[in-house]
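Visitor: Make a model of this:
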Amino acid sequence: MPPPTCDPDLVAALRGGDEAAFAEVVDAWSPSMLRLAKSFVSTHASAEEVVQDTWLAVLNGIDRFQARSSVRTWVYRILVNTAKKRGVRERRSVPWASLAPEDEDRGPTVDPARFQGADGDYPGHWRDAPHEWDSPENAALNTEIRAVITGVLARLPERQRIVINLRDVDGHDADEVCRMLEISPANQRVLLHRARAVVREELAGYLAFGASGEATAR
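Guide: Below you'll find the model as predicted:
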């Protein structure tokens, strides 16, 4: 089970120098943090350094944590700020706001009715998975599907890729993502909707043609 994200006991443990508690959150959150950091910097090595610098900042700043958000959101905000600063030094970073118009208007849309409502088991997610998505015939097909999804995510506009990774890959809720990236709920919804539409379209096409052996995956 992942460590708690807004737990006074966790804060107390980190403040008390509990190495086991710190190791637990590092192991649980670092893979997601690395994916996010790579969106802002130019190399994998730079992203790893951003993650390391973030954890050092967490250790140095935990006494100043005021619990205005979850511990996880606070950690990710440190990560984003650290990654942005490093990206500027690498002359790669593009201001988040400047990406918005093209980013949000690129890609297909789908009928909102195809997503689960607030009373669903997974609010905001698809009501029905594409054909065979949720029951692949074998492990090989499942591996191929993951590869297709990974490829689609890599081609998404940067803002869409960041948001869908945080929401659907790493499991953060909408409020967390808005706080991490300092974007509005409406902005987050648009970015996520566009990204999910692209992924679904690509995956549905793959399952309909490439996975059947009648044609190659797109």
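
Visitor: Now stretch 143-152: average pLDDT?
Guide: Mean pLDDT, stretch 143-152: 81.

Visitor: same deal with stretch 38-58?
Guide: 93.

Visitor: Need the contact partners of it.
Guide: With contact meaning Cβ atoms under 8 Å, 6 or more residues apart in numbering, stretch 38-58 is reached by 14, 26, 30, 33-34, 37, 75, 78-80, 82-84, 86-87, 90, 92-93, 158, 161-162, 165. Using the backbone N, CA and C atoms, a C-beta is placed for each residue, glycine as well.

Visitor: Name all residues that make contact with Phe22.
Guide: Contacts of Phe22 (Cβ under 8 Å, 6+ apart): Ala13, Leu14, Leu59.

Visitor: Select only the buried ones of the contacts of stretch 38-58 in PyMOL?
Guide: The PyMOL command for the buried members of these (criterion: 16 or more other Cβ atoms under 10 Å) is given here:
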select buried, resi 14+26+30+33+37+75+78+79+80+82+83+84+86+87+93+161+162+165
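
Visitor: Please identify which helix or strand holds Tyr72.
Guide: Heads up, residue 72 is Arg, not Tyr. For Arg72, the element it lies in under DSSP states H and E is helix 71-89.

Visitor: Just confirm Glu202 is within a helix.
Guide: Yes: judged by DSSP: H, G, I helix; E, B strand; the rest coil, Glu202 forms part of a helix.
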